[in-house]
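[1] prediction below, plus the sequence it came from.
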Amino acid sequence: MIEHAHGHHHPTRGGGRFRTALLLTIIILAVEVGGGALSHSLALLSDAGHVFTDLIALGIAWLATRRPVGGRMTAGRTATTAPAFSPP
C-alpha cells in the first residue's frame, strides 16, 4: 500500500461562507424577534422560531466541518452531510 504524505496543508473551504450565513441568520433572527415583539405579531415570532432552528442546523453543520479529517473520511466532506440526514 502506498502512503500519501506531503508537506502542504489542505484548508477547509467554506468557513467564511458558514460565518457569513450564521451572521446573516443571526441578524434576521434579531430583526424578526424585535419586530414581532414591538408589533405583537405572532407570525413574526413564529418565523423567528423557525429561523432559530435554521441557526442551530447551520451551527451543527459548521461544527461538523471543523472535525479533523480521519483515515475513514477521504475528502473531509462526509461530516457535512450527516446533520442533513439526522432526525429533527
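    Good, I have the coordinates.
[2] remind me which residues of this protein are low pLDDT?
    The chain contains residues with pLDDT under 70 at 1-15, 68-88.
[3] please determine how far residue 26 is located from residue 16.
    Here the criterion is Cβ to Cβ, to the nearest Å. By it, residue 26 lies 16 Å from residue 16. Every residue, glycine included, has its C-beta placed from N, CA and C.
[4] so the two - more neighbours on which side?
    residue 26 (14 against 8; other Cβ atoms under 10 Å).
[5] next up, the contacts around that one.
    Residues in contact with residue 26 (Cβ atoms under 8 Å, 6 or more residues apart in numbering) are residue 55.
[6] before we move on, what about residue 51?
    25, 28-29, 32.
[7] most surrounded residue in those?
    residue 32 (21 neighbours).
[8] is that residue in a helix, a strand, or coil?
    Secondary structure, DSSP: H, G, I helix; E, B strand; the rest coil: residue 32 is helix.
[9] leaving aside the residues next to it on the chain, what's closest to it?
    residue 48 (3.9 Å; Cβ to Cβ, 6 or more residues apart in numbering).
[10] tell me the contacts of the one you found?
    Counting by Cβ under 8 Å, 6+ apart, the residues that residue 48 touches are 29, 32-33, 36.
[11] quick one on the thing from earlier: let's see which of the contacts of residue 51 end up in helices.
    Using DSSP state H, the members of the contacts of residue 51 that fall in helices are 25, 28-29, 32.
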